[in-house]
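Colleague: A structural model of the following input is requested.
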Amino acid sequence: MINANITPRQISDRGGILCLPLVRNFDPAEIKHPDWRIVQCPRCEADCYQSDTHRQAMAQDSSIKALCTMCALREGMEV
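Modeller: Residues are numbered from 1 along each chain as shown. The predicted model follows:
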């Protein structure tokens, strides 16, 4: 059994892990987020989407890790 606490990020939150949606999980024709940019996960190098919200959070707090969804879940289980 996995015990995970996944919550939306709040402005007051510090640190933590941002989950970047994996490109392979989306049909490009159905992407309706013009602010999404393709970046690579710094851990596994998978192609991910990064939104303006991700970029703003990382600009406000340099202790945030941004990982693809799979790496974020793996890291969360190791804590």
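Colleague: going forward, measure contacts and count neighbours with C-alpha atoms only.
Modeller: Noted.
Colleague: where does the chain have low pLDDT?
Modeller: Low-confidence segments of the chain, defined by pLDDT under 70, span residues 1-7, 9-11, 78-79.
Colleague: try it again at 80.
Modeller: 1-15, 76-79 (pLDDT under 80).
Colleague: from the contact counts, what lies against the helix or strand residue 74 falls within?
Modeller: For residue 74, the element it lies in under DSSP states H and E is helix 69-78. Judged by 3 or more Cα pairs under 8 Å, 6 or more residues apart in numbering; DSSP states H and E, the packing partners of helix 69-78 are strand 17-20.
Colleague: quick one: the helices in this structure?
Modeller: 52-60, 69-78 (DSSP state H).
Colleague: want to throw those helices into a markdown table with mean neighbour count and distance to residue 8?
Modeller: Converted to a markdown table, the helices of the chain look like this (neighbours: other Cα atoms under 10 Å; distance: least, Cα to Cα, whole Å):
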| stretch | mean neighbour count | distance to residue 8 |
| --- | --- | --- |
| helix 52-60 | 13 | 12 |
| helix 69-78 | 14 | 14 |
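Colleague: TSV for the ones you listed, including distance to residue 33?
Modeller: TSV is the format used below for the helices of the chain (distance: least, Cα to Cα, whole Å):
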stretch	distance to residue 33
helix 52-60	10
helix 69-78	18
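Colleague: out of these, nearest to residue 32?
Modeller: helix 52-60 (13.6 Å; Cα to Cα).
Colleague: ok, and what's touching the closest one?
Modeller: With contact meaning Cα atoms under 8 Å, 6 or more residues apart in numbering, helix 52-60 is reached by 11, 18, 35, 36, 64, 66.
Colleague: what's near enough to touch the third one?
Modeller: If a contact means Cα under 8 Å, 6+ apart, then residue 35 has 51, 52 as its contacts.
Colleague: and it, how close does it get to residue 76?
Modeller: From residue 35 over to residue 76 the distance is 27 Å, taken as Cα to Cα, to the nearest Å.
Colleague: dump the residue contacts of residue 20.
Modeller: Applying Cα under 8 Å, 6+ apart, the residues contacting residue 20 are 41, 48, 49, 50, 66, 67, 68, 69.
Colleague: switch to 10 Å and redo it
Modeller: Residue 20 is in contact with 38-41, 47-51, 54, 66-72, counting by Cα atoms under 10 Å, 6 or more residues apart in numbering.
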